[in-house]
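In: sequence first, then the predicted structure, then my questions.
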Amino acid sequence: MAHIDAGKTTTTERILFYTGRVHRMGEVDEGTATMDWMVQEQERGITITSACTTCFWKNYRINIIDTPGHVDFTVEVERSLRVLDGAIIVLCAVGGVEPQSETVWRQAQRYQVPRMAYVNKMDRVGCDFYGTIKQMRERLAAKVIPVQIPLGGEENFKGVIDLVAMKALVYAKDDEGLTYAEEPIPHDLLELAREHRMQMIEAAAEHDAVLMERFVHNQEPTAEEIKRAIRSATVHHGCVPVFCGSSFRKIGLQPLMDGVNDYLPSPLDVPPIEGLVPGVEEKQKRVTSDDEYFSALAFKIMADAYVGKLTFFRVYSGVLRSGTYIYNANKKIKERIGKLLRMHANKQEIVEEVRAGDIVAAVGLRETKTGETICDVEHPILLESMHFPEPVVSLAIEPATQAAQDKLALALGKLQEEDPSFRVGYNKETGQTIISGMGELHLEIVVDRLLREFKVEANVGKPQVAYKETIAQVVEAEGKFIQQTGGHGQYGHVVLRMCGAERGKGIVFVNKITHGSVPKEYISSVRTGVMGAAQSGVLAGYPVIDIEVQLIDGSSHEVDSSDMAFVMAGSLAFTDGLRKGNSVLLEPIMLLEVVVPTEYLGDVIGDLGSRRCKIEEMTDRGNAKVVRGLAPLAEMFGYATIIRSLTQGRGMYTIEPSYYSEVPKHIQESIIGRRY
């Protein structure tokens, strides 16, 4: 996992070569990298979809998922981290800890994934290994332990110094990085190496009694004792071992793979997976063992042109054989496994069975979606799913010809199934199909895939911001739905109290009735009415979020009351509350980082000011300035072209969603005017 262009795919490519998985190293820039198999990835030189593979290093099986760095595809990182036991965060020695590095770090923390760090690009001008480590401590609040320091730097970078073995690993030139010699540490770096080794032992000793004993009594520990202590500290989130190298120059990859074996957890080192027993709602644990009942989590769906739908899943316990039935605990249905496949990017190898710890794909699971649990039919368990971000950009899309209408709907359905951060909706007022995603690039790739993979030509509108709506004050609202017909009528009556909720909470429904004025069987109907009305606000029809809705009173009729009546009453009361509560629009605010040469700084800051950007900090990076700030997404469309023209092509920027904030009054009025 890493920021854009830190070198994840190149690093993976080198690992596959040294483990014998591929016999020729591909290059990202040439579009020949194994893991970047999509046409769009090869053309743009970026990773778009996470690709899985398996390799062996010194008798250990290593499952690798190479994830994208671009924030538009952050869901790929999210679902990969949910099923992996360990992660390598790749950092650029020149760029240091960049914005997306912080995002993936937070994602790894959310799922409690032990991490190693690899400082790449030590051969680049301006590289700074020690500066990157300082940034990790400051920006990521990480307790880092360098287990290597670089031997040289920039064009003189020739290897690494192993602080555990106290040896210099010097790489031979022009032999694909296959051979390196163990040499004594150069005299001018010996004192620095000793100092860092002492810091490493001191940090690791906090997690190991034997090493602490040695450290206190000034005894020299063995390499095995140091490795055992660092492994324990890494597995239990006490520290992050740091390696360095240059993936492009093929330096430092073998020690990095040794580090995976030495320090990252195997499936046996992580705690047993915990889940709920459906129906009973009691917690149960599944130990990583082939003898346990089968349990797995589906984390990715992929449409394959030849075999249909592939469902990727991680096996947490038990054994699964092809042709057997599994139970989908989320949907409460049985499904049959057709084929089991071990994946190597987009290439498939058929296997007869899979065991605890495996990451594989299955053919034949029609109903299973991303984030759902598949398990033993007789012993079901429901595992924790994953967090999917809300889309921030929308486009109107329509087929270029009438004949392509059904084809477009089918293709969008498949893409939505593959990517949980991509949504398809329908605007009843305009009759348009609306697609929503995480950014301009995300939707651009979707439209490109529609044309190439699904052969559907479509016309798209300009990007639109996914605004939301909420209320500005506490209100009470009443909803009555009364219909008298000749016979049986309809009667529903509720009183709601509505107030703002914490940002990101959505709609929180609370039943505060204690005296039975609304019968218990109708409470869920009121909630259904509220949730339905929240899909479209009163200002401009945008979804409503971050409101706590309390049901405080109401009344019923012993004959005429029904579920339908209370759904309508809840909906009417909620809409009335929005009108009374002075609804306001919310817009997505993006975290922005712009890197510019110093001479263009004034122009760039002036332009950002005109885009309602709030500048948070300015720092130096080599001979360039880094400007970090918060800017509304609405002002940032097309910024890639603007930054290039302001800096003669030398500036670059990254942007990622941060939070939703209230839209200024004058802009809100113009949005409502545009909408209607």
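Out: Great, that's in hand. Since this is a predicted model, take the numbers as computed values, not measurements. Numbers count the residues shown, from 1 in each chain.

In: for V447, helix, strand, or coil?
Out: When the structure is split into helix, strand and coil by DSSP: H, G, I helix; E, B strand; the rest coil, V447 lands in helix.

In: heads up, I number from 49, so please use that
Out: With 49 as the first residue, the last one maps to V495.

In: report the contact partners of the residue sitting nearest the centre point of the chain.
Out: With distances taken as CA atoms, centre = their mean, the residue of the chain nearest its centroid is E126 (2.7 Å). With contact set as CB atoms under 8 Å, 6 or more residues apart in numbering, E126 has these partners: Q155, M434, H435, F436, P437. (Glycine included, C-beta is placed from N, CA and C.)

In: let's see 6 Å
Out: The neighbours of E126, taking CB atoms under 6 Å, 6 or more residues apart in numbering as the test, are Q155, M434.

In: in three-state terms, label it for me.
Out: When the structure is split into helix, strand and coil by three-state DSSP, E126 lands in helix.

In: and the pLDDT for it?
Out: Looking at E126, its pLDDT reads 90.

In: can you pull out the helices in the stretch 249-398 of the chain?
Out: Taking DSSP state H, counting those that start in this stretch as the criterion, the stretch 249-398 of the chain contains helices spanning 257-264, 271-283, 301-311.

In: list the buried ones in the last one?
Out: What that stands for is helix 301-311. L301, Q302, P303, L304, M305, D306, G307, V308, D310, Y311 (16 or more other CB atoms under 10 Å).

In: the second one now?
Out: With burial defined by 16+ other CB under 10 Å, the residues of helix 271-283 counted as buried are E273, I274, K275, R276, A277, I278, R279, S280, A281, T282, V283.

In: over to the first one?
Out: Judged by neighbour count (16+ other CB under 10 Å), helix 257-264 contains these buried residues: L259, M260, R262, F263.

In: which element is S706 on?
Out: strand 700-710 (DSSP states H and E).

In: that strand pairs with which strands, parallel or anti?
Out: Neighbouring strands of strand 700-710 in its sheet, by DSSP bridges, are strand 632-645 (antiparallel).

In: on that earlier part again, just the mean pLDDT for the strand holding S706, thanks.
Out: So the average pLDDT for strand 700-710 ends up being 85.

In: buried sites along the helix or strand following it?
Out: Counting by DSSP H and E, the element after strand 700-710 in chain order, helix or strand, is helix 713-723. Applying a neighbour-count criterion of 16+ other CB under 10 Å, one finds Q716, I719 buried in helix 713-723.

In: then stretch 639-657?
Out: Counting neighbours by 16+ other CB under 10 Å, one finds that the buried residues in stretch 639-657 are L639, L640, E641, V642, V643, V644, Y648, L649, V652, I653, D655, L656.

In: what sits against the first one?
Out: For L639, the contacting residues are E704, S706, taking CB under 6 Å, 6+ apart as the criterion.

In: state the distance from it to V542.
Out: As for L639, its distance to V542 is 40 Å (criterion: CB to CB, to the nearest Å).

In: show me where the stretch 449-598 of the chain has helices.
Out: 453-466, 488-500, 571-581.

In: just name the most buried of those.
Out: The highest mean neighbour count among the helices of the stretch 449-598 of the chain belongs to helix 571-581 (a mean of 21), with neighbours defined as mean count of other CB atoms under 10 Å.

In: for that one, name the packing helices and strands.
Out: strand 555-559, helix 611-628 (3 or more CB pairs under 6 Å, 6 or more residues apart in numbering; DSSP states H and E).

In: and stretch 315-335, end to end?
Out: End-to-end distance of stretch 315-335: 10 Å, with CA to CA, to the nearest Å as the criterion.

In: which ones are touching D352?
Out: Under the criterion of CB under 6 Å, 6+ apart, the neighbours of D352 are L358.

In: so V402 touches S370, yeah?
Out: No - at 8.9 Å, V402 does not count as touching S370 under the criterion of CB atoms under 6 Å.

In: circling back: relative to T533, how far out is the residue nearest to the centre of the chain?
Out: Distance from E126 to T533, by CB to CB: 51 Å.

In: now do V472
Out: Note on V472: its distance to T533, by CB to CB, is 38 Å.

In: between those two, which has more neighbouring residues?
Out: For V472 versus T533, neighbours defined as other CB atoms under 10 Å are more numerous around V472 (16 against 8).

In: quick check: the more buried one touching A459?
Out: No - using CB under 6 Å, V472 makes no contact with A459, being 10.1 Å away.

In: quick one: which of the helices of the stretch 249-398 of the chain is nearest A190?
Out: helix 271-283 (11.6 Å; CB to CB).

In: just the C-alpha atoms of that closest one, please, in CSV.
Out: Coordinates of the C-alpha atoms in helix 271-283 are reproduced here as CSV (Å, rounded to 0.1, in the frame of the first residue of the first chain):
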residue,chain,number,x,y,z
ALA,A,271,20.5,-12.1,15.6
GLU,A,272,17.7,-14.7,16.3
GLU,A,273,16.8,-13.0,19.6
ILE,A,274,16.6,-9.6,18.0
LYS,A,275,14.4,-11.0,15.1
ARG,A,276,12.1,-12.7,17.6
ALA,A,277,11.6,-9.5,19.6
ILE,A,278,11.0,-7.4,16.5
ARG,A,279,8.5,-9.9,15.2
SER,A,280,6.6,-9.9,18.5
ALA,A,281,6.6,-6.1,18.5
THR,A,282,5.4,-5.9,14.9
VAL,A,283,2.6,-8.6,15.3
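
In: now do it and helix 301-311, the angle between them.
Out: Angle between the axes of helix 271-283 and helix 301-311 is 80 degrees (criterion: axes from the mean of the first three to the mean of the last three CA atoms, to 10 degrees).

In: so what does helix 271-283 touch, helix or strand wise?
Out: The helices and strands touching helix 271-283, judged by 3+ CB pairs under 6 Å, 6+ apart, are helix 235-253, helix 257-264, helix 301-311.

In: of V402 and S370, who's got more company?
Out: Comparing V402 with S370 by other CB under 10 Å, the one with more neighbours is V402, at 25 against 18.

In: quick one: that one is in a strand?
Out: Yes - assessed by three-state DSSP, V402 belongs to a strand.

In: below-threshold pLDDT in the stretch 399-548 of the chain: ranges please.
Out: When the per-residue scores of the stretch 399-548 of the chain are filtered using pLDDT under 70, the ranges that remain are 476-478, 534-535.

In: gap between the residue nearest to T695 when sequence neighbours are not counted and D668?
Out: Distances taken as CB to CB, 6 or more residues apart in numbering put Y648 closest to T695, at 4.4 Å, once the chain neighbours are dropped. Note on Y648: its distance to D668, by CB to CB, is 15 Å.

In: ditto for G134
Out: When CB to CB is applied, the distance between G134 and D668 equals 34 Å.

In: pick out the shakiest of the helices and strands packed on helix 271-283, pLDDT-wise.
Out: Among the helices and strands packed on helix 271-283, helix 257-264 scores lowest, at a mean of 88.
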